[in-house]
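1. How does the following fold in three dimensions:
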Amino acid sequence: MRLKSYFAGTVETAMALARGELGPEAMLVQSKRTTAETRHLGHYEVVFALDDDATAPFPLPVAPAAAAAEPPPFASLLTPPHDPSIQALSQELEELKKRIENMSGAFARTAPPARSATPDPKAQYRNILTGAGVLPEVAEAVVARTAGFTKAADPLSHAVQSFIRTDSTLGSAAASRRIVALAGPPGVGKTTAIVKLATRYGLSARRSVMLLSTDVYRVGAAEQLRLYASILGVGFQTVETPLALAQILEEQRHKDLILIDTPGWAHRDVPEIVELAKYMANDPDIDVHLVLPASNRSSALSKMVDRYAIFKPAKLMFARLDETDRLGVVLNECCRTGMPVSFLSAGEQIPEDLEPATAARISELILRHQPAAPARPNPGQEQG
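-> Residues are numbered from 1 along each chain as shown. Next up is the predicted model:
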């Protein structure tokens with residue numbers, strides 16, 4: 001028996017070539033796709049066999065391919081049951097199909113649910129607060145409290161206000177006169193704030209004013225306040241020790257408003273400053289306000305508050321509101337310390353850029369996400 005392979009683009013074409021050359025006595029042995037090495041000869045290889053005793057080993061064509069005997073079904077030619085290589089390929093394809101189906105089912109089970117067409121108001125509240133610089137844990141507490149203000153026109157604003165305490169009175173409630181000290185880091189604007197307070201709540205209200213400076217450790221600090229006092233026409237003195245401060249406060253007991261400027265705590269290693277801070281902290285007549293820069297991060301503000309705890313401040317004053325649009329730091333410190341906010345300062349204009357703090361105003365500034373000049377109340381308004 002002789003075997004011969006025929007290559008063509010289709011099985012039918014290869015069969016026609018074989019039967020045209022070998023005649024009807026030729027027997028189909030196998031049909032399969034060509035390998036990479038024989039692909040250039042055609043896509044299919046058909047193997048025919050011819051008995052040795054045939055009249056001619058390879059007779060000339062006796063009839064066109066169309067007149068050849070009816071070929072076997074095309075499917076049986078592609079996947080003959082006796083071809084182990086084709087059967088193995090079919091099994092691999094079936095296993096691959098099952099894997100794809102399993103992966104599709106797993107993806108369908110783990111796919112996230114479709115987004116709701118209605119936005120979640122609590123998620124929107126969280127995004128607004130965190131975008132304004134509010135710490136995540138504080139934002140979560142505020143969002144939870146919005147449930148108590150569902151009937152309000154702006155639940156988020158009311159929830160923010162409920163976490164803020166304010167107190168813009170000058171002086172201790174039990175004191176017979178108003179003595180106010182401003183503490184805080186160097187360069188935050190304590191001296192300018194003192195001049196603003198002296199102008200609005202002293203001169204404009206026709207009160208007698210006295211300015212004191214304990215900042216004798218920074219070059220020119222006391223002279224700057226002395227110059228302002230001269231312009232305003234009010235009294236001024238420098239103080240270096242707790243004893244000197246006590247004597248001056250006694251001598252100036254007839255003054256309606258005494259404002260004290262303190263050195264930045266960068267000089268906290270100076271023993272005299274430590275003693276002055278302790279004296280102010282323990283004098284019930286001195287109302288200490290801690291001035292903080294709203295332009296700093298919450299972590300930096302927290303360290304400042306802890307650093308100046310030696311003064312035992314009763315209130316917080318925020319400056320530099322015009323230098324940032326992320327005023328959530330104010331809410332963060334209100335929640336962390338529990339201290340009320342006394343005043344807000346946003347600029348160098350005297351006395352316009354200073355306003356008494358209110359919860360509504362702070363909430364407005366936080367939720368606006370943009371710097372805003374403080375409201376300008378009547379310069380002659382009285383303090384409570």
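2. hey, which helix or strand in the protein has the poorest pLDDT?
-> The helix or strand of the chain with the poorest confidence is helix 74-78; it has a mean of 48 (mean pLDDT, DSSP states H and E).
3. Which residues are in contact with Thr358?
-> The contact partners of Thr358, by C-beta atoms under 8 Å, 6 or more residues apart in numbering, come to Thr166. For glycine as for every other residue, the C-beta is placed from the backbone atoms N, C-alpha and C.
4. measure it to Ser168 for me?
-> 8 Å (C-beta to C-beta, to the nearest Å).
5. try Lys98
-> Lys98 sits 75 Å away from Ser168, going by C-beta to C-beta.
6. for Glu94, same thing?
-> 81 Å.
7. ok, these two, which is more surrounded?
-> Using other C-beta atoms under 10 Å as the criterion, Glu94 and Ser168 rank with Ser168 on top: 19 against 9.
8. Quick check: which ranges of the chain have low pLDDT?
-> Applying pLDDT under 70 to the chain flags the ranges 1, 51-88, 103-118, 219, 265-270, 350-351, 369-384.
9. Sketch out the helices for it, chain order is fine.
-> Under the criterion DSSP state H, the chain contains helices at 11-22, 74-78, 84-110, 121-131, 136-145, 155-161, 190-198, 221-232, 242-251, 271-282, 298-307, 328-337, 359-368.
10. Mean neighbour count, those helices: which tops it?
-> Mean neighbour count (mean count of other C-beta atoms under 10 Å) peaks for helix 190-198 among the helices of the chain, with a mean of 24.
11. What residues does the closest residue to Asp285 other than its chain neighbours make contact with?
-> The spatially closest residue to Asp285, leaving aside those adjacent along the chain, is Ala175, at 4.2 Å (C-beta to C-beta, 6 or more residues apart in numbering). Residues near Ala175 by C-beta under 8 Å, 6+ apart: Pro284, Asp285, Asp287.
12. can you tell me which of the residues you listed lies nearest to Leu28?
-> Comparing the contacts of Ala175 against Leu28 with C-beta to C-beta places Asp287 closest, at 109.8 Å.
13. List the beta-bridge partners for that closest one.
-> On the basis of DSSP bridges, Asp287 is bridged to Val180.
14. wait, it sits on Ala181?
-> Yes. The criterion here is C-beta atoms under 8 Å, and Asp287 meets it with Ala181 at 7.1 Å.
15. quick one on the thing from earlier: only whichever of the contacts of Ala175 are buried, select them in PyMOL.
-> Filtering the contacts of Ala175 down to the buried ones (16 or more other C-beta atoms under 10 Å) takes a single PyMOL command:
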select buried, resi 285+287
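16. Just put the contacts of Ala175 in TSV and tack on distance to Thr13.
-> Shown next, in TSV, are the contacts of Ala175 (distance: C-beta to C-beta, whole Å):
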residue	distance to Thr13
Pro284	111
Asp285	113
Asp287	105
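17. Please report how far the residue nearest to Leu245 when sequence neighbours are not counted lies from Ala357.
-> Spatial nearest neighbour of Leu245, excluding adjacent residues (C-beta to C-beta, 6+ apart): Val239 at 4.7 Å. Between Val239 and Ala357 the computed distance is 28 Å (C-beta to C-beta).
18. Next: Leu28.
-> To Ala357, Leu28 is 99 Å away according to C-beta to C-beta.
19. Looking at the two now, which is surrounded by more residues?
-> Higher neighbour count among Leu28 and Ala357: Ala357, with 24 against 19, using other C-beta under 10 Å.
20. pretty sure that one contacts Met339?
-> No. With contacts counted by C-beta under 8 Å, Ala357 stays clear of Met339, the gap being 11.4 Å.
21. burial count for Thr169?
-> Neighbours of Thr169 (other C-beta under 10 Å): 15.
22. nope, Pro186 is what I was after
-> Neighbour number of Pro186 under other C-beta under 10 Å is 14.
23. Setting aside sequence neighbours, what's the nearest residue to it?
-> Pro186 sits nearest to Gly264 (C-beta to C-beta, 6+ apart), 2.8 Å away.
24. Can you get me a residue count around that neighbour?
-> By the measure other C-beta under 10 Å, the count of residues near Gly264 is 19.
25. number of nearby residues for the residue nearest to Leu245?
-> Applying other C-beta under 10 Å, we find 22 residues neighbouring Val239.
26. Contact partners for it?
-> By C-beta under 8 Å, 6+ apart, the contact list for Val239 reads Leu212, Ser213, Thr214, Val216, Leu245, Ile248, Ile260, Leu276.
27. Same check on Thr337?
-> Contacts of Thr337 by C-beta under 8 Å, 6+ apart are Val305, Leu316.
28. cool, and Ser172?
-> Ile179, Pro284, Asp285, Ile286, Asp287, Ala314.
29. So the closest residue to it other than its chain neighbours versus Ala277, what's the distance?
-> Of all residues not flanking Ser172 in the chain, Asp287 sits nearest, at 5.0 Å (C-beta to C-beta, 6+ apart). According to C-beta to C-beta, Asp287 stands 15 Å off from Ala277.
30. quick one, domains of this protein?
-> If you go by automatic domain parsing, the domain ranges for the chain are 2-80, 122-161, 178-368.
31. Looking at those domains, which is nearest to Leu89?
-> Nearest of these (C-beta to C-beta): domain 2-80, 8.9 Å.
32. and Asp215, how many neighbours?
-> Using other C-beta under 10 Å, Asp215 has 23 other residues around it.
33. need the contact list for it.
-> So Asp215 contacts Thr191, Ala221, Ala222, Leu225, Asp261, Thr262, Pro263, Gly264 (C-beta under 8 Å, 6+ apart).
34. could you dump those residues to TSV with distance to His40?
-> Shown next, in TSV, are the contacts of Asp215 (distance: C-beta to C-beta, whole Å):
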residue	distance to His40
Thr191	92
Ala221	93
Ala222	99
Leu225	97
Asp261	96
Thr262	94
Pro263	93
Gly264	87
